[in-house]
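*Asks:* please work out how this folds:
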Amino acid sequence: TPITVTSANPTATGIDFSLDPPIIGNGTISGTVYADDTGLPLPNMVVSAQDSNDWNNWNDSTCTDASGNYSFTGVTEDIEIKISAGSLSNYCGGSTNYDKEYWQESGSYSDATLITLITGSLEAANIDFTLPRGGYINVTVYDETGTNPLPNIKLLFESSGTNYGYCTNANGQVTFGVEYGKSIIASAQSSSDAWCTNNNGYVKEYWQDSYSYDGATPIILSSGNPNQDITFTLEVGGTISGTINGGSGTTPLAGASAYIKDVDSDSSYSGSTDALGIFTVTGLPLNTTFEIYGYKSGYGLEWWQNKPTATGATLVTVTDTTPITGINLTLPDVSSISGTVYVNDGTTPLADVAVHIDGIPGQVCTDVNGEYAFTWIGVGNSYIVSAGGTGCANEDYPKEWWQESATDTGATVIIPSGAGATNIDFTLEESDTVK
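*Replies:* Purely as a prediction, here's the structure:
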């Protein structure tokens, strides 16, 4: 209900609330926090617990006592709880040299072991932690002059597939705490999300001076290198914009994705279309050549200009910051290609074998029945399909093109109809090195 305060009525009274009482259970969780490097208990370390399905339903935090012990009481029954201990920004007043760990000996929230208290078993004791010693990566981000710090730039720290995101402060700085021995890939970029608001088109850069993840320099802290200062110097990149339409080319597709891939590296950039089917992608490295394609669920892939795969697609080179416009894509109606991969007897299916379409990145892997399906290709387009080789768990079978061709030039072209192309089957011969 709106509350209006005026000069004639400057005070609003009776604005009362009736809050639900906190959910308090009968359970107890307790344990001890130790240091990994010394084996000694750690006093004054933060320990946090929460309902993993609804933080607002139940959460609590506490500090270890002088003997490293902690305890949660009043824990709600029948909920799945995740607990962490330690922090390099420890607010309990203890050591800030030990990194966070989730029970049970996990460095990530997603891999934490759940604890559930039930009636008749309301106490979980010996929920202990052994915290890894850690240090700090101190980051400063500048513009291309190397002197002006950039606030609100997104910093990503990646380790073993987990990303940790931060925004630079007013001085262009971020401090990230990490345990010794963990390999970190750091990157800085403009962002349009709700947290890091610097969207001025700076090119994403990996430390140290690389536009490619593969070219990044890992950062590994140790007792001999407990802290490391790094800097980024970001330059404003190029811009590519256009439209994505469906069907006859006159229907704008909102929420479609435009992918812009560096043809010489693993780097890829993307943007989504607005209600008018318009996309704009900024922060593209200068003097770089890209292939561009569009995608939306329910439509086939399309490369610029009017190509079903990257083969023969028109490439676009960004040379300066002048925006490149008019990159318009029309996505075809969706179709499919499906089949089964067998060993050379023609009856025994092969699981986890890669199936590729020439000119389209990636692959699909056959299931336990040897079956596969591509479900994002266009009606009436021409495709060349192969099975075997690398890309999935089973790499014991050399690549073969349909139908039983050792090269792509001898392959039979597949043109799917609206009903799809089915029974595109393969029989593979095991590699001589495996026999």
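
*Asks:* quick one: low-confidence ranges for the stretch 101-250 of the chain?
*Replies:* Along the stretch 101-250 of the chain, the model assigns pLDDT under 70 to no residue.

*Asks:* where do the helices sit along it?
*Replies:* Here the stretch 101-250 of the chain has no helices by DSSP state H, counting those that start in this stretch.

*Asks:* neighbours of Asn44, just the number please.
*Replies:* Using other CB atoms under 10 Å, Asn44 has 16 neighbouring residues. C-beta here means a position set from N, CA and C on the backbone, and glycine is covered the same way.

*Asks:* show the contacting residues for the closest residue to it other than its chain neighbours.
*Replies:* Leaving aside its sequence neighbours, Asn44 sits nearest to Gly94 (CB to CB, 6 or more residues apart in numbering; 3.1 Å). Gly94 is in contact with Leu42, Pro43, Asn44, Met45, Cys63, Thr64, counting by CB atoms under 8 Å, 6 or more residues apart in numbering.

*Asks:* for those residues, which one is nearest Ala419?
*Replies:* Closest approach between the contacts of Gly94 and Ala419, by CB to CB: Met45, at 62.7 Å.

*Asks:* distance of the closest one from Thr96?
*Replies:* With distances taken as CB to CB, to the nearest Å, Met45 is found 10 Å from Thr96.

*Asks:* quick check: neighbours shared by the two?
*Replies:* Asn90.

*Asks:* comparing those two, which residue is more hemmed in?
*Replies:* It is Met45, of Met45 and Thr96, that has more neighbours when counted by other CB under 10 Å, with 27 against 17.

*Asks:* the more buried one touches Ser95, doesn't it?
*Replies:* Yes - with contact defined as CB atoms under 8 Å, Met45 and Ser95 form a contacting pair (7.2 Å).

*Asks:* contact partners of stretch 182-189?
*Replies:* Under CB under 8 Å, 6+ apart, the answer for stretch 182-189 is 107, 137, 139, 141, 153-160, 168, 176, 178, 202-207, 213, 216, 218-221, 230, 232, 234, 283.

*Asks:* only the buried residues of that stretch, if you could.
*Replies:* The neighbour-count criterion (16 or more other CB atoms under 10 Å) identifies Lys182, Ile184, Ile185, Ala186, Ser187, Ala188, Gln189 as the buried residues of stretch 182-189.

*Asks:* returning to that earlier point: any of the contacts of stretch 182-189 buried? List them.
*Replies:* 107, 137, 139, 141, 153-159, 168, 176, 178, 202-207, 216, 219, 221, 230, 232, 234, 283.

*Asks:* so which residue is dead centre in this structure?
*Replies:* Residue closest to the mean C-alpha point of the chain, counted by CA atoms, centre = their mean, is Asn163 at 6.9 Å.

*Asks:* quick one: contacts for it?
*Replies:* If you count contacts by CB under 8 Å, 6+ apart, Asn163 has them with Leu156, Phe157.

*Asks:* which parts of stretch 161-170 are buried?
*Replies:* Tyr166, Cys167, Thr168.

*Asks:* distance between the ends of that stretch?
*Replies:* Terminal residues of stretch 161-170 lie 29 Å apart, using CA to CA, to the nearest Å.

*Asks:* buried set for stretch 341-358?
*Replies:* For stretch 341-358, by 16+ other CB under 10 Å, it's Val341, Tyr342, Val343, Leu350, Asp352, Val353, Ala354, Val355, His356, Ile357.

*Asks:* the first one and Ala421: what is the separation?
*Replies:* Distance of Val341 to Ala421, computed by CB to CB: 15 Å.

*Asks:* which parts of the stretch 151-300 of the chain are strands?
*Replies:* Taking DSSP state E, counting those that start in this stretch as the criterion, the stretch 151-300 of the chain contains strands spanning 154-159, 162-167, 173-179, 183-189, 205-206, 219-220, 227-233, 238-246, 251-252, 257-262, 268-272, 278-284, 288-295.

*Asks:* how far off centre is the third one?
*Replies:* In terms of CA atoms, centre = their mean, to the nearest Å, the centre of strand 173-179 is found 20 Å from the chain centre.

*Asks:* residues making contact with that strand?
*Replies:* Taking CB under 8 Å, 6+ apart as the rule, strand 173-179 contacts 87-89, 96, 99, 107, 132-141, 149, 155, 157, 159, 164, 166-168, 184, 186, 221.

*Asks:* apply 7 Å and report the result again.
*Replies:* 88-89, 99, 132-140, 155, 157, 164, 166, 168, 184, 221 (CB atoms under 7 Å, 6 or more residues apart in numbering).

*Asks:* hmm, back to that, got the contacts of Gly94 as a markdown table, with secondary structure columns?
*Replies:* Output for these, formatted as a markdown table (DSSP: H, G, I helix; E, B strand; the rest coil):
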| residue | secondary structure |
| --- | --- |
| Leu42 | coil |
| Pro43 | coil |
| Asn44 | coil |
| Met45 | coil |
| Cys63 | strand |
| Thr64 | coil |
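
*Asks:* and the two most separated of those residues?
*Replies:* Leu42 and Cys63 (10.4 Å).
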